[in-house]
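Undergrad: Whatever this is, show me its structure:
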Amino acid sequence: MTQGSAELPSRRANAKTAPRSPKKPKKRRVWKVVLLLFLAVILIIVAYFGFLANKANNAIQQIGTVSNDDVKIPTAESVKKKAVGMVLLGLDTRAKGGGMNTDVMMVAVFNPNSKSATVISIPRDSLLQLDGYGERKANANYATFFSQARSEKGMDKEAAEEDAKRAIRDMLGKFFGVDLKYTAVVNFKGFEDVVDALGGIEVNVDMDMRYVDNYDGTNINLKKGFQKLNGDQALDFVRYRKSNDGKNMSSDFDRNKRESEVVAKIVDKMKSLSGITKMGEVIDAVGDNMEIDMPPKEIQNLMKTYFGISSSDVQFIPLEGVWKSPYVYLDEAKLSEARAALQAKMAE
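TA: Numbers count the residues shown, from 1 in each chain. Alright, predicted model coming up:
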């Protein structure tokens, strides 16, 4: 360094004296991460519901027995705008002991204005006294209509099933004094699969239930108390009527109450977060085991309109009566209440 030249400050000195540039706050980076995570979650949800929509569309094509080309529903008459009455039938389709008899029979009215429904459970051995119809147990009517369509009308199996659906809703519509537009048929396997898809349901088993029938493979073994049931156990809980030793006996009326309880539990479980995450499996279970004579577009409208309905939005009325072999004679006061409830729901 030459004489007279100014001595340059050291780098260390500069480091001590130079003002520091302010650091960017970490808070902004944290919010960026949160925002990215939020967007990722939104994308996952959208993708999931897109996946569900695709599954639902495939299931709708399976369960709907009427094509869009066959029936055109005016917008004002659609289930998304107008109350609709339906028949819900549960069939025992097991290889042994199963058949065309309907072990579960319900009549329901859904109203889009109140986003609510009224559901009536009919005991299987009920005598539905109605002019123009033969005297038989309620659960034998669908099988009778199917048999008549095959033997008297010469229909093939598929056409006979559709004719039986029409006939059973015509009959029940006259019996309850409401217009019933559609009939849904679900087999026992579908009931089991839906409960299993939801991870089971929690119910209070009202008594010890033990019954074995080696002919059809029935083996009911449930203990009294609050517990979680899988699909097979839930079906046993609903179906139980008697024990082998004749001690813990049940009835069709008890069965109807348990049916309503289980349906309510399924509805609430589907609405819960855990139920939503399992909706894909539920859709598969329904698609594989249910048929309804409703156009696919209307099935979509029904699903969209009543998505999120809870058990508190559904009025369950199990019919009651007196057993006088071989029939259950329905209590007229309870029957009048059921008719009035259905008609009121239709008019809301």
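
Undergrad: Buried residues, the longest strand seen in the chain. List them.
TA: Assignment by DSSP state E gives strand 102-111 as the longest strand of the chain. Within strand 102-111, the residues that count as buried by 16 or more other C-beta atoms under 10 Å are Thr102, Asp103, Val104, Met105, Met106, Val107, Ala108, Val109, Phe110, Asn111. Just so you know, the C-beta spots here come from the backbone N, C-alpha and C atoms, and that holds for glycine as well.

Undergrad: Now do it: which elements does it pack against?
TA: strand 84-91, strand 116-121, helix 141-151, helix 332-347 (3 or more C-beta pairs under 8 Å, 6 or more residues apart in numbering; DSSP states H and E).

Undergrad: Is it possible to get JSON lines of those that adds mean pLDDT and distance to Met279?
TA: Output for the helices and strands packed on strand 102-111, formatted as JSON lines (pLDDT from 0 to 100; distance: least, C-beta to C-beta, whole Å):
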{"stretch": "strand 84-91", "mean pLDDT": "92", "distance to Met279": "20"}
{"stretch": "strand 116-121", "mean pLDDT": "94", "distance to Met279": "20"}
{"stretch": "helix 141-151", "mean pLDDT": "95", "distance to Met279": "30"}
{"stretch": "helix 332-347", "mean pLDDT": "97", "distance to Met279": "26"}
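
Undergrad: need those in TSV with distance to Met303 and mean neighbour count, can you?
TA: Formatted as TSV, the helices and strands packed on strand 102-111 follow (distance: least, C-beta to C-beta, whole Å; neighbours: other C-beta atoms under 10 Å):
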stretch	distance to Met303	mean neighbour count
strand 84-91	13	23
strand 116-121	14	24
helix 141-151	25	18
helix 332-347	19	16
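
Undergrad: So which of the ones you listed is nearest Gly225?
TA: strand 116-121 (24.0 Å; C-beta to C-beta).

Undergrad: In terms of secondary structure, what does that closest one contact?
TA: strand 102-111, helix 252-271, strand 314-318, helix 332-347.

Undergrad: pretty sure Glu291 belongs to a strand, no?
TA: Yes: assessed by DSSP: H, G, I helix; E, B strand; the rest coil, Glu291 belongs to a strand.

Undergrad: nearest to Ala264, of the helices and strands packed on strand 102-111?
TA: Of the helices and strands packed on strand 102-111, nearest to Ala264 by C-beta to C-beta is strand 116-121, at 9.4 Å.

Undergrad: how about the CA coordinates for the closest one, as PDB?
TA: What follows is strand 116-121, C-alpha atoms only, in PDB (Å, rounded to 0.1, in the frame of the first residue of the first chain):
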ATOM      1  CA  SER A 116     -88.100 -34.800   4.900                       C
ATOM      2  CA  ALA A 117     -89.800 -38.200   4.600                       C
ATOM      3  CA  THR A 118     -92.500 -40.400   6.200                       C
ATOM      4  CA  VAL A 119     -91.800 -44.100   6.300                       C
ATOM      5  CA  ILE A 120     -94.400 -46.800   7.200                       C
ATOM      6  CA  SER A 121     -93.300 -50.300   8.100                       C
END
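
Undergrad: Give me the residues contacting that strand.
TA: Here strand 116-121 makes contact (C-beta atoms under 8 Å, 6 or more residues apart in numbering) with 88, 104-111, 176, 256-257, 259-260, 263, 306, 309, 313-319, 338, 341-342, 344-345, 348.

Undergrad: ranges for the strands of this protein?
TA: 84-91, 102-111, 116-121, 182-187, 201-205, 209-213, 218-222, 225-229, 290-292, 314-318, 321-324, 327-330.

Undergrad: Lowest average confidence across those strands, which one?
TA: Of all the strands of the chain, the minimum mean pLDDT falls on strand 290-292 (a mean of 87).

Undergrad: Distance from that one to the middle of the chain?
TA: Computed by C-alpha atoms, centre = their mean, to the nearest Å, the chain-centroid distance of strand 290-292 equals 12 Å.

Undergrad: what does that strand contact?
TA: Ile63, Gly64, Thr65, Glu161, Tyr182, Thr183, Ala184, Val185, Val186, Asn187, Gly190, Ile299.

Undergrad: Just the closest of those to Ala167, please.
TA: Thr183 (9.2 Å).

Undergrad: who touches Lys259 in this structure?
TA: Residue 259: Glu, not Lys. Here Glu259 is in contact with Val104, Met106, Ser121, Val238, Pro318 (C-beta under 8 Å, 6+ apart).

Undergrad: Distance check, the last one against Ser243.
TA: Put plainly, it is Pro318. 22 Å (C-beta to C-beta, to the nearest Å).

Undergrad: Of these two, give the one with the bigger neighbour count.
TA: Higher neighbour count among Pro318 and Ser243: Pro318, with 22 against 17, using other C-beta atoms under 10 Å.

Undergrad: wait, isn't that one in contact with Val263?
TA: No: Pro318 is beyond contact range of Val263, at 10.9 Å (criterion: C-beta atoms under 8 Å).

Undergrad: just to revisit the earlier point, adding distance to Val282, write the helices and strands packed on strand 116-121 out as TSV.
TA: As requested, the helices and strands packed on strand 116-121 are exported to TSV (distance: least, C-beta to C-beta, whole Å):
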stretch	distance to Val282
strand 102-111	18
helix 252-271	7
strand 314-318	17
helix 332-347	25
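
Undergrad: hang on, the earlier thing: tell me which two in the buried residues of strand 102-111 are the farthest apart.
TA: Asp103 and Asn111 (27.5 Å).
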